[in-house]
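Trainee: one predicted model, sequence on top.
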Amino acid sequence: MMRGEDYTQHDHADIWLTDNYLRMGLENILQKIKFDNTGLRYVFLTEHHYTDVLKHNYDLTKNRIVLLTEGTSFNFLNTAPFYQLPKRVTVHELQNFVISISYLADKPLESKKPVLLTARERRLIDLIKEGKKMAEMGEYLNLHIKTVYQTRQTLIKKIGCSGAIDLLRTLRSDIFKNWLMESHQYH
């Protein structure tokens, strides 16, 4: 649930952040940028406000939505086209990023091809989140352990993770849980 202090509006941006330091830093950087296209607004958010931003129904021809991440690419997001940028970029990198997407004013970011998970992958997600070992997952799913490993590898690629640990972090994230409920009507 969004609290009022998590959302602030500025001349050129809407900021949906819970982290006060990140918000203050972003506000400071935005004050220093010369915006050529004043009709374009930027929307900055972290994964905690993904659902709030979707509910806001931003016009993608007039807004650029930027998801600030911990470094993980949320490739599975397909509900709305988001730009993604790691939280830990330099001031110069953020300025260049904002300027670069402002040049795309006539071309909003296109939605990606939907990522669809199979029933086996969804069951495997539950088992991974429960902390089951690979052999236990194989027994539960009545699959050979090599098939379990292959299914996990396919899942890692589909979701856009760098490996098993990144997969676990992503599966436990709020943004993944919300995406899974929205896109798969699951749980």
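Mentor: Ah, there it is.
Trainee: ramachandran angles for the residue nearest to residue 166 when sequence neighbours are not counted?
Mentor: Once its chain neighbours are removed from consideration, residue 166 has its nearest residue in residue 72; the separation is 6.1 Å (C-beta to C-beta, 6 or more residues apart in numbering). For the C-beta atoms, the positions are set from N, CA and C on the backbone; glycine is no exception. Comment: the main-chain dihedrals of residue 72 come out as phi -80, psi 140, following degrees, to the nearest 10.
Trainee: okay, now residue 72: neighbour count?
Mentor: Residue crowding around residue 72 was assessed by other C-beta atoms under 10 Å; the count is 20.
Trainee: pLDDT at it, what is it?
Mentor: Residue 72 is assigned a predicted lDDT (pLDDT) of 71.
Trainee: please apply the same query to residue 125.
Mentor: Turning to residue 125, the model gives it a pLDDT of 94.
Trainee: quick check, it in a strand?
Mentor: No. Using DSSP: H, G, I helix; E, B strand; the rest coil, the assignment for residue 125 is helix, not a strand.
Trainee: pLDDT at the residue lying closest to it once chain neighbours are set aside, what is it?
Mentor: With sequence-adjacent residues excluded and distances taken as C-beta to C-beta, 6+ apart, residue 125 is closest to residue 171, at 5.8 Å. The per-residue pLDDT reported for residue 171 equals 90.
Trainee: mind listing what residue 171 touches?
Mentor: 125, 128-129 (C-beta atoms under 8 Å, 6 or more residues apart in numbering).
Trainee: so residue 44 is in contact with residue 27, correct?
Mentor: No. Using C-beta atoms under 8 Å, residue 44 is not in contact with residue 27, being 9.7 Å away.
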